[in-house]
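Peer 1: Compute the structure for the input listed below.
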Amino acid sequence: MGRTLRTVITNFSSGELNPLLAQRTDVPSYFQGAKECKNFALLAEGGIMRRPGTSYLASLPAECRILPFIFSDDEVAIIVLSNNRMDVYNVSGTALTSNYTTNCNWTTAQLFELNFAQFGDTIYVTHRNNAIRKIFRNSATNFTVSTFSFATHSSGYPIYQPYFKYEVSSTTISTSGTTGSVTVTASANTFSASWVGLNIRKNKKTMTITGYTNATTVTATVNETLTNTTATADWDEQSMSDLRGYPQAVTFHNNRLWFGGLFSRPASVLASKISEYTNFDVDVGASSDAIDLDISGDQVNEVRHMISGKDLQVFTDGGEYYVPTANDNTITPANVAVKKQTPYGISRTAPKMFDQATGFVQKNGKAIREFIYSDIEDGYKSTSVSILAQHLIDNPKEIAIMKGNTTRPEQYAFFLNNGSTHQGKLSVFHSVRDEKIAGWTQWSTRANDSFQSIAVLNDNLIVVAKRSLNGSTVYTLEKFADEDTTTLDCETTSTLNQRGTPLVDGGSQSGTTLIIDGLTSDPKVNEAFTIAGNATEYTIQSLVNNGSGEYSLTLDKTLAATPANNAAITFTKGFLHTVNGIYTNESVNVVEGNSSIGAFTVSGSDTITLVNAPKATGLKVGFNYIPTVETMPIDKELPEGPLTGLPRRISRAIVDLNTTLDMTIKAADSTSKSLVVQQVNFTGGSDLVPVTAKKEFFFLGYSKSPTITISQDDPLPMKILGMSVEVVFA
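Peer 2: So this is what the prediction gives:
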């Protein structure tokens, strides 16, 4: 006779685990994680819920990336960057600035290599191949783009920009004069036609090159009177230009604007003067002067990103660094130092601050690490946080951080994958460091659709989805809901189709019969309507088509008053609903209240026709996504050893549910059992009441690796707090 034991799965806080952990019953995460956890959100209390769906906001012009603009708690905007274009929306999907192209120098291929930093009403946008741009908020509804300009002397020169001598240090230049137009002669091949328009300095005095003669000779206009004409090696050129490239890293820290990773100086770190964000004049190296240095080491490490935290954090392709702040909370040209901490290197994906650390994608695109200060080590360490779910990390191209919303306390880090295996899917990390809670899940949307960009604006989680709609590729701006009460993606609300402009046809009508006209399609039995001037709702019991859009209706009640001829008819409940034009010829799911109405195909005229009893004026319409969680193989350590590899049967599971309306569950017999939500006291016409209770399910079938899989048939709310499992074995 078989023996029976009970084991309890108290939580799913470790999320989906790497398949290579299938035998690691010695790891605590084994009993708090899952073999699969898709389209679920991990809850702070340890349970899981169907991930929130998204609401449709707007259709976007093309492939794009979104940037968050947060001016204040109550004023935010979504910056949408596409090929040489900018659009701006609010979180309701209303366009604030449309089809703005002036100074938009980014291309589609560069979108996810752009870095940005916001200060007040300005976003600074950098790319190593592009001149720096500023996105400026002129007003709450108007945004423009301009070229970043360095500060200048009141006379026009000097320009307070960084300078650097890229040429061989021994190369000298001489000039034919000290003012006006002069000939500049180099001692070695130096110049090309690309130098025209650049500023160079001789003995710290500026000239602008106006003409190219050959590799050793150019003409220039002197902007500041030169001290002499003799040859000197003391000359340099502007650090940033179309010839030499631009910085790719940008941030604000210690009251300075910082740039890093110039294309031709990949290890460079530059900072403005204190409180003067466009002045990069190093001058005499006073404490408030600008900073210009290169990270030294045994190899040239390309600065890719910088983050302002406790210290200035500098991320390169060859390691992680930080710039310590002096005891007086300053960084000056005299005390600035860039200290290497860890050797992993970062990808081109911008890092984000999360749960007391900086999360970043390792250069290989296969690991997520957190750069965090350790008091014990008196320095920073870069610990992998993805080791338990390595299979979910697939070259992420964007990171967004959610610190909770108006209904839930959970903080999440979203990693938008761009690799071939999980492209367009979100790997979602939930962490509560002080409670030692950390776990991963994966979110995806409708099959063959994908997520393209993601951003967080305060408590608004915004995403761009790439969808195949009506035979075309469409990019949609969508907003994740706060809770699982929104259960569809790209969700909108339908409107009841009025079937034309129905009117009362003829006066002096009474009783339970009413003649109406002006309809463009047949009304249906059980549809309901009101008559202008009469608040009573009438339901159609039967009807006769009189032709030419006229119908004789038999009603469920006597007309409360004689309606006027041509009084307007307004349908209040009906089978025919009009939906958003984005769904044309697509299959959509429909939800009303706590009930799933089913799946319908939208007509070419953007309508759906219900097959069951008509519903209210508006229905939720959108695309379904399937949440699935499968436990790790149920195992137990007994005095005589573990059950690992032995045939055993999960005979019963008691699932602890909270505010759940739909759930399916199966074990080794592969036959799904469904949750029965309808209560004994349910009455027709009333809505379903969510279940908050422990529900019991029974199973058949033996397996050497028995698991329980929970999913859904219908797009409705579901929260699972845990379960107890009964296992039978020999």
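Peer 1: and the residue lying farthest from the centre of the chain, which of the three is it?
Peer 2: The centre of the chain is farthest from one residue, residue 508, which by CA atoms, centre = their mean lies 60.7 Å away. Using DSSP: H, G, I helix; E, B strand; the rest coil, the structure places residue 508 in coil.
Peer 1: didn't it look like it was pressed against residue 562?
Peer 2: Yes. With contact defined as CB atoms under 8 Å, residue 508 reaches residue 562; the gap is 6.2 Å. For the C-beta atoms, the positions are set from N, CA and C on the backbone; glycine is no exception.
Peer 1: Near residue 5, how many other residues are there?
Peer 2: If you count neighbours by other CB atoms under 10 Å, residue 5 ends up with 14.
Peer 1: Report the contact partners of it.
Peer 2: 636, 638, 726, 727, 729 (CB atoms under 8 Å, 6 or more residues apart in numbering).
Peer 1: ok, back up a step: need the contact list for the residue farthest from the centre of the chain.
Peer 2: Counted by CB under 8 Å, 6+ apart, residue 508 has contacts residue 562.
Peer 1: gap between it and residue 546?
Peer 2: From residue 508 across to residue 546, the span is 18 Å (CB to CB, to the nearest Å).
Peer 1: Would you mind measuring from the residue farthest from the centre of the chain to residue 555?
Peer 2: To residue 555, residue 508 is 16 Å away according to CB to CB.
Peer 1: what does residue 34 give?
Peer 2: In terms of CB to CB, residue 34 sits 55 Å off from residue 555.
Peer 1: and the two? which has more neighbours close in?
Peer 2: When residue 34 and residue 555 are compared on other CB under 10 Å, the one with more neighbours turns out to be residue 34, at 26 against 19.
Peer 1: for the more buried one, what are its contacts?
Peer 2: Going by CB under 8 Å, 6+ apart, residue 34 touches 12, 14, 15, 16, 17, 629, 630, 631, 632.
Peer 1: let's see 10 Å
Peer 2: 9, 12, 14-17, 40, 48, 439-441, 628-632, 707-710 (CB atoms under 10 Å, 6 or more residues apart in numbering).
Peer 1: That one belongs to a helix, doesn't it?
Peer 2: No. Counting by three-state DSSP, residue 34 is not part of a helix but strand.
Peer 1: Which pLDDT does the model give it?
Peer 2: For residue 34, the pLDDT comes out at 95.
Peer 1: Please apply the same query to residue 234.
Peer 2: For residue 234, pLDDT reads 97.
Peer 1: cool, and residue 344?
Peer 2: Residue 344 is assigned a pLDDT of 97 by the prediction.
Peer 1: thought it was touching residue 321?
Peer 2: No. Contact between residue 344 and residue 321 fails when scored by CB atoms under 10 Å: they sit 11.8 Å apart.
Peer 1: thinking again about what came up before, in ChimeraX, how would I select just the buried ones from the contacts of residue 34?
Peer 2: Here is the ChimeraX selection string for the buried members of the contacts of residue 34, based on 16 or more other CB atoms under 10 Å:
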select :9,12,14,15,16,17,40,48,439,440,441,629,630,631,632,707,708,709,710
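Peer 1: so how far is the first residue of stretch 697-713 from its last?
Peer 2: For stretch 697-713, the first-to-last residue distance is 17 Å (CA to CA, to the nearest Å).
Peer 1: and it, average pLDDT?
Peer 2: On average, stretch 697-713 scores 92.
Peer 1: got the buried residues for stretch 584-592?
Peer 2: By 16+ other CB under 10 Å, the buried positions in stretch 584-592 come out as 584, 586, 588, 589, 590, 591.
Peer 1: Inside strands: which ones of the residues you listed?
Peer 2: Cross-referencing the buried residues of stretch 584-592 against strands under DSSP state E gives 588, 589, 590, 591.
Peer 1: For the first one, list the residues it contacts.
Peer 2: Listed by CB under 10 Å, 6+ apart, the contact partners of residue 588 are 446, 488, 490-492, 494, 579-580, 582, 598-602, 608, 619-624.
Peer 1: Next: the last one.
Peer 2: By CB under 10 Å, 6+ apart, the contact set of residue 591 is 53, 485-488, 491, 597-598, 619-622, 624, 661, 714-716.
Peer 1: Are any of the contacts of residue 5 buried, and if so which?
Peer 2: Buried, going by 16+ other CB under 10 Å: 636, 726, 727, 729, out of these.
Peer 1: now the stretch 251-400 of the chain, which segments are flagged as low pLDDT?
Peer 2: Counting by pLDDT under 70, the stretch 251-400 of the chain shows no low-confidence range.
Peer 1: is it true that residue 713 touches residue 666?
Peer 2: No. Counting by CB under 10 Å, residue 713 stays clear of residue 666, with 11.9 Å between them.
Peer 1: list the residues that contact both of the two?
Peer 2: In contact with both residue 713 and residue 666: residue 672, using CB under 10 Å, 6+ apart.
Peer 1: the more surrounded of those two?
Peer 2: The neighbour count for residue 713 versus residue 666, taken as other CB under 10 Å, is higher for residue 666 (19 against 14).
Peer 1: ok, the residue nearest to that one when sequence neighbours are not counted to residue 699 distance?
Peer 2: Spatial nearest neighbour of residue 666, excluding adjacent residues (CB to CB, 6 or more residues apart in numbering): residue 672 at 4.5 Å. Using CB to CB, residue 672 is found at 11 Å from residue 699.
Peer 1: what is in contact with these two at once?
Peer 2: What both residue 672 and residue 699 touch, as defined by CB under 10 Å, 6+ apart, is the set 665, 666.
Peer 1: and stretch 14-29, which residues are buried?
Peer 2: Neighbour-count burial for stretch 14-29 flags 14, 15, 16, 17, 18, 21, 25, 29 (criterion: 16+ other CB under 10 Å).
Peer 1: Out of these, which comes closest to residue 213?
Peer 2: Closest approach between those and residue 213, by CB to CB: residue 18, at 63.6 Å.
Peer 1: check contacts around that closest one.
Peer 2: Counting by CB under 10 Å, 6+ apart, residue 18 has contacts 24, 29, 33, 386, 387, 388, 389, 390, 391, 392, 440.
Peer 1: And residue 521, by the same measure?
Peer 2: Residue 521 neighbours (CB under 10 Å, 6+ apart): 497, 498, 499, 500, 549, 576, 607, 609.
Peer 1: mind listing the strands for the stretch 551-700 of the chain?
Peer 2: For the stretch 551-700 of the chain, applying DSSP state E, counting those that start in this stretch gives strands covering 569-573, 576-578, 587-592, 595-601, 607-609, 620-623, 628-631, 637-638, 641-642, 648-660, 664-666, 673-674, 691-698.
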